[in-house]
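[1] missing the sequence, but the structure's below:
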């Protein structure tokens with residue numbers, strides 16, 4: 001990690017501590033503490049994502065994908081949705097002192113984000129990972145060099161996962177589209193629908209690997225990626 005990256009990290013931690021420290025002045029400070037923390041977190045995660053722009057095969061980089069789906073969309077974008085709605089926060093988060101709950105979540109998310117970046121770039125972790133792969137594969141390759149999926153199956157799985165996502169949306173139980181209808185939904189097979197709706201990620205992985213290895217199916221890759229990104233934003 002460069003000196004510039006370390007400096008930016010120290011600045012982020014400093015503001016995180018300052019904004020969270022104002023919570024000690026009373027419950028009325030929980031809301032501004034969350035707003036400020038969320039803004040700084042969003043800016044920092046976005047900056048780290050932007051720093052990967054020149055990395056080879058950046059769209060397949062676990063840091064990029066993890067930063068976007070696990071942190072930016074899950075935590076950094078929270079504020080933009082909450083304040084666009086004209087509903088009390090307790091309708092989204094049915095707990096006492098919801099801003100205190102969100103502030104604690106932002107602390108954990110910040111620690112998780114920093115840990116992910118440090119561990120991914122750690123030489124010690126890389127050596128341990130390589131030793132683990134050699135151990136479980138008996139020093140054989142983890143993945144085969146050839147990659148030629150059965151595209152009918154790949155496209156079919158992705159298509160049906162979208163169908164199940166749309167079913168969840170129609171029931172009002174999908175991500176930020178969660179509505180009052182979800183309180184009345186108690187289907188015995190709901191867990192199966194949720195599981196099948198996420199199956200498209202597996203077929204998308206094969207398309208990722210195939211595109212970055214061969215350079216083929218570029219249009220399919222872009223379309224699948226945008227569709228997956230759209231539903232990730234909704235969640």
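    Looks like it came in fine. Remember, predicted model here, so these are calculated numbers, not experimental data. Residues are numbered from 1 along each chain as shown.

[2] what number of residues lie near residue 75?
    22 (other C-beta atoms under 10 Å). The C-beta positions use only the backbone N, C-alpha and C, and glycine is treated the same way.

[3] before we move on, what about residue 61?
    For residue 61, the number of neighbouring residues by other C-beta under 10 Å comes to 15.

[4] how about it, what does it touch?
    When the contact criterion is C-beta atoms under 8 Å, 6 or more residues apart in numbering, the partners of residue 61 are 52, 55.

[5] for it, grab phi and psi.
    Per-residue torsions, residue 61: phi -70, psi 130 (degrees, to the nearest 10).

[6] so how far is the lowest-mean-pLDDT helix or strand in the chain off the chain centroid?
    When each helix and strand of the chain is scored by mean pLDDT, DSSP states H and E, helix 78-82 comes last, with a mean of 71. Relative to the chain's own centre, helix 78-82 is displaced by 15 Å; criterion: C-alpha atoms, centre = their mean, to the nearest Å.

[7] could you say what helices and strands that helix packs with?
    Using 3 or more C-beta pairs under 8 Å, 6 or more residues apart in numbering; DSSP states H and E as the contact definition, the elements that helix 78-82 packs against are helix 30-50.

[8] helices or strands up against the helix it packs on?
    On a contact count with 3+ C-beta pairs under 8 Å, 6+ apart, helix 30-50 meets helix 3-21, helix 78-82, helix 98-121.

[9] if you set the cut-off to 10 Å instead, what comes out?
    helix 3-21, helix 62-66, helix 78-82, helix 98-121 (3 or more C-beta pairs under 10 Å, 6 or more residues apart in numbering; DSSP states H and E).

[10] of all the ones you listed, which one is nearest residue 190?
    Checking these against residue 190 by C-beta to C-beta gives helix 78-82 as the closest, at 23.5 Å.

[11] buried ones in that closest one?
    Neighbour-count burial for helix 78-82, counted by 16 or more other C-beta atoms under 10 Å, picks out 78-79, 82.
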